[in-house]
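**Q** No sequence on hand, only this structure:
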Ligand SMILES: *Cc1c(COP(=O)(O)O)cnc(C)c1O
């Protein structure tokens with residue numbers, strides 16, 4: 001048995017089976033490249049679902065983490081720490097907002113956003129107690145907690161986990177008429193992903209996000225943008241909302257905010273909204289810890305250069321041109337913006353999973369979603385030649401499978 005098989009066997013014996021990973025056991029990673037326990041190298045074209053936008057082991061992020069490890073790592077919010085204030089100031093500035101509420105995981109940022117929106121509805125909009133509604137979109141992915149799966153439309157994520165949290169209305173994604181009909185006097189917020197990642201990198205029509213902004217302004221509801229996956233460089237801008245020329249009331253951030261080093265998430269908003277939360281009403285032991293704040297600060301510094309947003313545009317040009325050329329050659333559709341693509345595989349030649357397995361054999365790591373879609377989200381340090389190399393591997397895999405059906 002090789003080391004890969006042995007390591008997978010150990011995991012299978014002791015781990016809850018809540019994931020079905022590809023048969024790759026990572027030992028080391030640097031930049032866009034992963035080395036497995038048997039010494040095989042892979043180009044990482046998933047980047048931890050955009051948690052690794054700056055690549056594995058980015059020198060500036062590791063330096064920030066190492067320096068902070070020697071100083072202080074955890075204080076809890078019972079005390080102040082000298083890293084959190086500067087991080088929050090930089091992050092608020094990056095977002096063009098005033099206040100930051102730091103948490104750890106994306107799901108916690110979403111939960112926090114929901115609480116903040118409800119608080120605003122009761123205290124500012126005047127919604128009767130416990131009557132606030134949040135309008136969400138079908139096909140959403142906002143995390144895995146019980147409240148968040150309460151408004152998922154993915155049966156696998158929900159079935160068997162009720163009873164569910166009330167107070168959510170689901171409307172079709174990219175449908176302003178449906179949204180217009182759903183937002184009313186009891187609506188605290190509209191919560192959407194500006195681009196739906198888990199759904200298969202679904203990009204809404206031009207005008208959709210601007211339409212949400214208009215409806216929220218007309219009806220006095222908050223526009224909450226879950227940019228946990230779309231934000232922080234992936235789409236070729238700092239935020240997907242920015243591409244649409246729209247400013248939400250609340251940004252939910254996570255994934256890349258921790259630079260692939262530690263979990264860091266945040267809710268970022270105005271003083272009028274986030275200022276409504278008072279001591280004792282919300283928090284997290286680890287949220288805003290000095291190690292997270294030091295790494296998060298270094299992440300914001302990287303984004304402030306604009307270099308990674310530009311890299312996402314460059315990668316996107318090569319990636320999308322190459323993927324579009326495969327339409328009709330085993331690919332039925334390609335979606336996405338910047339360094340982010342959802343690729344629908346012709347079901348006649350195989351499942352998304354089978355394509356991922358075949359790509360892994362050839363040294364390219366991507367992940368399938370919803371049966372026949374594969375998702376590309378390479379680190380933003382990937383070169384054009386590396387992207388072309390990955391596209392060549394995909395072309396080979398599709399050709400081999402097409403010739404055998
Ligand atoms: C990943 C993700 C989340 C959940 O983040 P976790 O850190 O896994 O809890 C929420 N929203 C979106 C859009 C995501 O992509």
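**A** Received, thanks. Nothing here was measured: the structure is a model prediction, and the numbers come from that model.
**Q** ranges for the helices of the stretch 201-350 of the chain?
**A** Here the stretch 201-350 of the chain has its helices, by DSSP state H, counting those that start in this stretch, at 208-219, 240-243, 271-274, 290-304, 307-324.
**Q** who does the third one touch, helix- and strand-wise?
**A** In terms of contacts (3 or more CB pairs under 8 Å, 6 or more residues apart in numbering; DSSP states H and E), helix 271-274 is packed against strand 99-103, helix 106-120. For the C-beta atoms, the positions are set from N, CA and C on the backbone; glycine is no exception.
**Q** average model confidence for the longest helix seen in the chain?
**A** Here the longest helix in the chain is taken by residue count, with DSSP state H as the criterion, and it is helix 384-404. Mean pLDDT, taken over the full extent of helix 384-404, equals 96.
**Q** Please work out which residues outside it touch it.
**A** Outside helix 384-404, the residues within contact range by CB atoms under 8 Å, 6 or more residues apart in numbering are 32, 43, 45, 314-315, 318-319, 322-323, 326, 329-331, 345, 349-350, 354-355, 358-359, 362-364, 376, 378.
**Q** what comes up buried for that helix?
**A** The neighbour-count criterion (16 or more other CB atoms under 10 Å) identifies 386-387, 390-391, 393-395, 397-398, 401 as the buried residues of helix 384-404.
**Q** could you dump those to CSV with distance to the ligand?
**A** Putting the buried residues of helix 384-404 into CSV (distance: CB to the nearest ligand atom, whole Å) gives the following:
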residue, distance to the ligand
386, 24
387, 22
390, 22
391, 24
393, 26
394, 23
395, 28
397, 26
398, 27
401, 29
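**Q** ok, the residues you listed vs residue 278, which is closest?
**A** The closest of the buried residues of helix 384-404 to residue 278 turns out to be residue 387 (CB to CB; 48.4 Å).
**Q** circling back to that earlier point, drop anything exposed from the contacts of helix 384-404.
**A** In terms of neighbour count (16+ other CB under 10 Å), the buried residues within these are 32, 43, 45, 314-315, 318-319, 322-323, 326, 330-331, 345, 349-350, 355, 358-359, 362, 364, 376, 378.
**Q** Stretch 152-161: which residues count as buried?
**A** In stretch 152-161, the ones that count as buried by 16+ other CB under 10 Å are 152-153.
**Q** Mind checking if it is in reach of the ligand?
**A** No. With CB under 6 Å from any ligand atom as the criterion, the ligand is not reached by stretch 152-161; the gap is at least 10.9 Å.
**Q** Contacts only, for the closest residue to the ligand within the stretch 1-150 of the chain.
**A** Distances between the stretch 1-150 of the chain and the ligand by CB to the nearest ligand atom are smallest at residue 106, namely 2.1 Å. Residue 106 makes contact with 142-143, 228-229, 252, 254-255, 265, according to CB under 8 Å, 6+ apart.
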